[in-house]
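Chemist: dropping the sequence and predicted coords here.
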Amino acid sequence: MKMPESGFLCWVNVSNLVSSEKFVSYLIKEAKVCVNDGVNYASGDIGYIRIVPGVYRDTQKIINALERIKEALIKIQERRV
């Protein structure tokens, strides 16, 4: 079976937390997850991060990565309160 050449993406607005560039670095350090800064795709995407969950063939790996992102989001939000 031929795998599709495309995937699915998630765009997450983090502009009210921190700059998207800082958030990408934060996720690498805190959650051990690599995401893309939206600014690399279009000037209108400043403040967004791009998550590509379709890079994994193992559903559990996707779930684990998203859980780590969730925990990192909770931590950064708690620091702002």
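Modeler: Here it is on my side, so go on.

Chemist: give the buried residues for the lengthiest helix in the chain.
Modeler: Longest helix in the chain by number of residues (criterion: DSSP state H): helix 59-80. With burial defined by 16 or more other CB atoms under 10 Å, the residues of helix 59-80 counted as buried are 65, 69, 72-73, 76. Placement of C-beta: from N, CA and C, glycine included.

Chemist: now that helix: how far from the chain's centre is it?
Modeler: Helix 59-80 has its C-alpha centroid displaced from the chain centroid by 9 Å (CA atoms, centre = their mean, to the nearest Å).

Chemist: list of residues touching that helix?
Modeler: 17-18, 23, 26-27, 30-33, 35, 51, 53, 56 (CB atoms under 8 Å, 6 or more residues apart in numbering).

Chemist: from those, which is closest to Cys10?
Modeler: Closest approach between the contacts of helix 59-80 and Cys10, by CB to CB: Ile51, at 4.1 Å.

Chemist: ok, now which ones touch the closest one?
Modeler: Ile51 neighbours (CB under 8 Å, 6+ apart): 9-12, 35-36, 66, 69.

Chemist: measure Leu17 to Asp58 for me?
Modeler: 29 Å (CB to CB, to the nearest Å).

Chemist: so which of those two has more stuff around it?
Modeler: Between Leu17 and Asp58, counting by other CB atoms under 10 Å, Leu17 is the more crowded of the two (17 against 8).

Chemist: residues touching that one, list them.
Modeler: Leu17 is in contact with 23, 73, 76-77, 80, counting by CB under 8 Å, 6+ apart.

Chemist: the same query, at a cut-off of 10 Å, please.
Modeler: 23, 26, 47, 73, 76-77, 79-80 (CB atoms under 10 Å, 6 or more residues apart in numbering).

Chemist: alright, I will stop here.
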